[in-house]
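> Fold the following.
(2 chains)
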Amino acid sequence: MLIERRRLFGMFGAAALAACGIAGAQPKERLIRITARKFAFLPGEITLKKGAPVILEFVTADVVMGFNAPDFKLRADILPGETARLRFTPDKVGTFTFLCDIFCGDGHEGMSGTMKVVA
Amino acid sequence: MRNGLDRRSFLKLAGLGGAVLVTGVGRSASAAEETFFFVQLSDTHWGFQGPVVNPDPRGTLPKAIAAVNALPLEPDFVIFTGDLTHTTDDPGERRKRLTEFREQARALKNPNVRYMAGEHDASLDRGEAWKEFFGKTYYTFDHKGVHFVCLDNVSDPAARIGDEQLDWLRDDLARQDKDARIVVFTHRPLFDLMPQWDWATRDGARAIELLMPFRHVTVFYGHIHQEHHHATAHIEHHSAQSLIFPLPAPGSQPTREPIRWDAAQPYRGLGYREVAAKNPPPAYAITEFPVRRA
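As a prediction, the model looks like this:
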């Protein structure tokens, strides 16, 4: 199932790039897998490069979670048994907070991480 | 006296506590024109344990209630703006904490007490247990010419008010005059105060949009465990202190770790507020009181 999802996603990604007609001109997206569990993101700190496109891929190890990086207006629901994906290109340098924005229990309020974007 | 404050009594009252903020237009209105006042208590987190930030978690709320009971003037009503209890994954423990909280609140002499839920009370079961104790999670009431709207932005664990409640709000507001005096109570801020710390309501802007045509709207909320004042156009938003532990000012440190207990200044940052509705609308005199006064 996972293999099929990845293949599908790969096909989708390739199709999207081809549709734009710029497949060869785009830098390759870096894939970062993040697991959400009570009450942490693993990894809790990710380092990105400004201007370099990434795909953030999320799964949850237990209950429904949310990923929210307000400084980039990025968010996704992370549902048990499913993989959520966000693709974006950091457009500013700095250290930014991301957090779980779906209340998931005692400890939810400490469930956050750091996104470092370097030049 | 119950139905109003004379200037001498109000100043005496204010002198017992913290700063007085007079807000809204009509700031020059005399205190003699005040019509009534209410007390806002918030974020009591009954069941919380954490001696580093509050070694007296079961004593703080009773102290605040004793202080309210000792007020020289009786408020028209008292409202708790959410997080009555601290969250727990155990539904039985949740109900135990709600039971104990309700027993504590019954010590208030004032019979007119309103309750609201916070995410700690309601987000893990969509308000199911809370409603068993306190009824509807969103409602309105009217008092002496003011239309009060209590909004629920916590029963949805994703911090949404939701379409159903927003439709209900739209219908309610459609029955109000554009000059009506409206007070909104919420737990979370309706505006994006600090989304990085979850200090926001995902669809709060939709509620503000519905309220915007009304000229006299003021919002009182909790959640952020500190006094804070903000305006979205002509709508003012005032958050209240907590009765369990204070949180840092928005963005003042990397994370929203609670402020540690200071033995030299016990209960620092904890308190409750009184809000005196003044005429002409929408002026309110907000007085912050420390728990220590008890």
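> Provide the strand pairings for the helix or strand hosting A:Ala76, with the direction of each partner.
Following DSSP states H and E, one finds A:Ala76 within strand A:74-78. Within its sheet, and counting by DSSP bridges, strand A:74-78 is paired with strand A:65-69 (antiparallel).
> what sits up against the strand it pairs with?
A:34, A:36, A:41, A:56, A:58, A:74-78, A:84, A:86, A:96-102, A:104, A:111, A:115, B:158, B:195 (Cβ atoms under 8 Å, 6 or more residues apart in numbering or on different chains). C-beta coordinates here come from the backbone N, C-alpha and C atoms, glycine included.
> What is the subsequent helix or strand relative to the strand holding A:Ala76?
Counting by DSSP H and E, the next helix or strand C-terminal to strand A:74-78 is strand A:84-88.
> show me the contacts for A:Arg33.
A:Arg33 neighbours (Cβ under 8 Å, 6+ apart): A:57-59.
> What distance do you get for the most centrally placed residue in chain A to A:Arg75?
Nearest to the geometric centre of chain A sits A:Leu56, at 2.3 Å (Cα atoms, centre = their mean). Using Cβ to Cβ, to the nearest Å, we find A:Leu56 at a distance of 11 Å from A:Arg75.
> and the residue nearest to the centre of chain A, what does it touch?
A:Leu56 touches A:32, A:34, A:67, A:74, A:76, A:85-88, counting by Cβ under 8 Å, 6+ apart.
> Quick check: beta-bridge partners of it?
Applying DSSP bridges, one finds that A:Leu56 bridges with A:Ile32, A:Leu86.
> Distance check, it against chain B.
17 Å (Cβ to the nearest Cβ, to the nearest Å).
> quick one on the thing from earlier: out of the contacts of strand A:65-69, which end up buried?
Buried subset of the contacts of strand A:65-69 (neighbour count, 16 or more other Cβ atoms under 10 Å in any protein chain shown): A:34, A:36, A:41, A:56, A:58, A:74-76, A:78, A:84, A:86, A:96-102, A:104, A:111, A:115, B:158, B:195.
> Assess the claim that B:Thr85 and B:Arg97 are in contact.
Yes. Using Cβ atoms under 8 Å, B:Thr85 makes contact with B:Arg97 at a distance of 4.0 Å.
> Show me which of the two is the more surrounded one.
B:Thr85 (29 against 23; other Cβ atoms under 10 Å in any protein chain shown).
> got the residues of chain A near chain B?
A:64, A:66, A:68, A:70-71, A:77, A:96-97, A:99, A:101-106, A:108-110, A:112 (Cβ under 8 Å from any Cβ of the partner chain).
> got the end-to-end distance for stretch A:104-119?
Stretch A:104-119 has an end-to-end distance of 34 Å (Cα to Cα, to the nearest Å).
> quick one, helices of chain B?
Using DSSP state H, the helices assigned to chain B run over residues B:7-15, B:60-69, B:91-105, B:119-122, B:128-134, B:163-174, B:204-211.
> Output the contacting helices and strands for the third one.
Applying 3 or more Cβ pairs under 8 Å, 6 or more residues apart in numbering or on different chains; DSSP states H and E, we find helix B:91-105 packed against helix B:60-69, helix B:128-134.
> switch to 6 Å and redo it
Applying 3 or more Cβ pairs under 6 Å, 6 or more residues apart in numbering or on different chains; DSSP states H and E, we find helix B:91-105 packed against helix B:128-134.
> buried residues in the helix it packs on?
Going by neighbour count (16+ other Cβ under 10 Å), the buried part of helix B:128-134 is B:129-130, B:133-134.
> Name the pair among the residues you listed with the greatest separation in space.
The most widely separated members of the buried residues of helix B:128-134, counting by Cβ to Cβ, are B:Ala129 and B:Phe134 (9.8 Å).
> overlap in contacts of the two?
Applying Cβ atoms under 6 Å, 6 or more residues apart in numbering or on different chains, one finds that no residue jointly contacts B:Ala129 and B:Phe134.
> Could you count how many residues lie near B:Arg215?
The burial count for B:Arg215: 16, using other Cβ under 10 Å.
> Next, find the distance separating it from B:Tyr138.
Using Cβ to Cβ, we find B:Arg215 at a distance of 23 Å from B:Tyr138.
> What pLDDT is listed against B:Lys278?
Listed pLDDT for B:Lys278 reads 83.
> That one: neighbour count?
With neighbours defined by other Cβ under 10 Å, the count for B:Lys278 comes to 26.
> How about the one 4 residues further on?
Residues within reach of B:Pro282, counting by other Cβ under 10 Å, total 25.
> Now it: closest residue in space that isn't a chain neighbour?
Computed as Cβ to Cβ, 6 or more residues apart in numbering or on different chains, the closest residue to B:Pro282 that is not its neighbour in sequence is B:His216, at 3.8 Å.
> how about that neighbour, what does it touch?
B:181, B:281-282.
> Out of the contacts of A:Arg33, which is nearest to chain B?
Nearest to chain B out of the contacts of A:Arg33 is A:Phe58 (Cβ to the nearest Cβ; 15.3 Å).
> I figured the closest one hits A:Asp77, correct?
No. A:Phe58 is beyond contact range of A:Asp77, at 9.0 Å (criterion: Cβ atoms under 6 Å).
> Let's see the pLDDT reported for residue 82.
In the absence of a named chain, chain A is used. 97.
> Not quite, go with chain B.
Looking at B:Gly82, its pLDDT stands at 98.
> can you check B:Lys131 too?
98.
> can you tell me how far it sits from chain A?
17 Å.
> Distance-wise, check that residue relative to B:Asp125.
From B:Lys131 to B:Asp125 the distance is 9 Å (Cβ to Cβ).
> got a list of what B:Thr81 touches?
B:40, B:42, B:116, B:185, B:187, B:222.
> so how far is chain A from it?
B:Thr81 is 17 Å from chain A, by Cβ to the nearest Cβ.
> That's all I had, so thanks and see you.
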